[in-house]
Each structure stands twice: as structure tokens, then as C-alpha cells.
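**Student:** using only what follows, build the 3D model:
(one chain, ligands or ions: 1)
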Amino acid sequence: MIFKIAFSLSILCFLFATPMTGQELIVSEVSPELIKEFKDCYVLKNTDQTEVEEARKIVSDPPCFRQPFIATLKEYLIISFFPNHYRNLLQECFFNQRVIAGALQMYNSEHRIKLRRINDQMLNATFTPLIPEYLKHPFPRAEKECFYKSIGDATDEGGLFIYCTYHGSVQSIDELENK
Ligand SMILES: [Zn+2]
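**Tutor:** Just a heads-up that it's a prediction; the model follows:
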């Protein structure tokens, strides 16, 4: 008898429980501390033209190309004699920028409160909006000089322009002009 009642009750619970919608299942909440710590990345902000100007200068002539002659010679020797040990650092940095952009997109598809931009601080700590769920820690920078910045707003149609202050950007300068 008791089993019968328990069984009927469980059937009733099953029938009257409101099912979760797909949206509710994928949207997770962000902790208020994280929002407070990374407030700059969540709030709406107009594009700062001096920032755009700075980014344009870096992207059109990345500082990584202004290395001392000895570094260029070392690179040349490695390519010539030990091609297996050669690391294309520019390419690694560009790949990292794609990874960051992908993580940001993923984050925004899963959260109600969207990230509008990224900053370098977001890639440093063990617990940030993107780490550990979307990016690993420590984030594998191509070189110690890599410092990531962004222009624009990820929730806008044009998206976000991500660049490294040392290697420039994998995105074209035209994408920056529209910000
Ligand atoms: Zn870089």
C-alpha cells in the first residue's frame, strides 16, 4: 500500500513539475564578486578614440618586428639549422587571440549578463569570468611581452577587436576602423 502511494505521488510530482526550457538550462549566473571585479568588461562604454588610435599604431606596425639584430640573427640560424625547434611566436599569439575570441563567444552564449570586452587581467588569475571554464590557467602566452587589449563591444554586430600590444592583431585593420 505504502509503495503504491509513494509511486502515485512520484507520478504526480513528475506530471506537475514545470519543465525547464532550453534557455534556462544553458544560462548560468555570474557571481556578483566577479562582475564587480571585472565591471569594466560588463558595462556599456563608448569607444574611446585615443584607444582606437593606439591600437591602429600597434596593429599597423607591431613592436615585435622591432627586435634587436641579434634576435633576428638567432631566429635565422634556428630556421636554417634547427627548423624543428623554431617557434613562430607571431602565429602562436594570433592563435591565442582566436582562442580568446572563441571563449568569449561561448561565455556569452551561456550567460544572461554578457561580457562586452576582455582585458589582460582576465587572463592572469585562476578565477575570472573566462577561467577556468573557458580558458586554461595559466593562459599560454606566446611571449612574456604579450599583453591583450580589446576595442569595441562583443555584443555589437561588429563584434570585438582583440589585439596584443606586442604582436598586433589577427583581425584586419578594417575591422578596427568600424569600431
Ligand atoms: Zn602577443
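
**Student:** separation between L44 and Q171?
**Tutor:** Remark: distance between L44 and Q171 (CB to CB, to the nearest Å) = 22 Å. For every residue, glycine as well, the C-beta is placed using N, CA and C.

**Student:** where's the closest residue to Q171 other than its chain neighbours, which helix or strand?
**Tutor:** Spatial nearest neighbour of Q171, chain neighbours left out: F161 (5.7 Å); criterion: CB to CB, 6 or more residues apart in numbering. Assigned by DSSP states H and E, F161 belongs to strand 160-164.

**Student:** any idea what sits nearest L160, other than its immediate chain neighbours?
**Tutor:** A154 (4.2 Å).

**Student:** can you give me the end-to-end span of stretch 160-170?
**Tutor:** Stretch 160-170 has an end-to-end distance of 12 Å (CA to CA, to the nearest Å).

**Student:** state the three-state secondary structure for A103.
**Tutor:** Look at A103: counting by DSSP: H, G, I helix; E, B strand; the rest coil, its state is helix.

**Student:** pLDDT score for it?
**Tutor:** Looking at A103, its pLDDT stands at 96.

**Student:** higher neighbour count, L44 and Q171?
**Tutor:** Ranked by neighbour count (other CB atoms under 10 Å), L44 and Q171 place Q171 first, with 19 against 8.

**Student:** contact partners for that one?
**Tutor:** Taking CB atoms under 8 Å, 6 or more residues apart in numbering, we find Q171 in contact with 97, 161-163.

**Student:** show me the two of the residues you listed that sit farthest apart.
**Tutor:** Q97 and F161 (10.0 Å; CB to CB).

**Student:** mutual contacts of those two, please.
**Tutor:** 169, 171.
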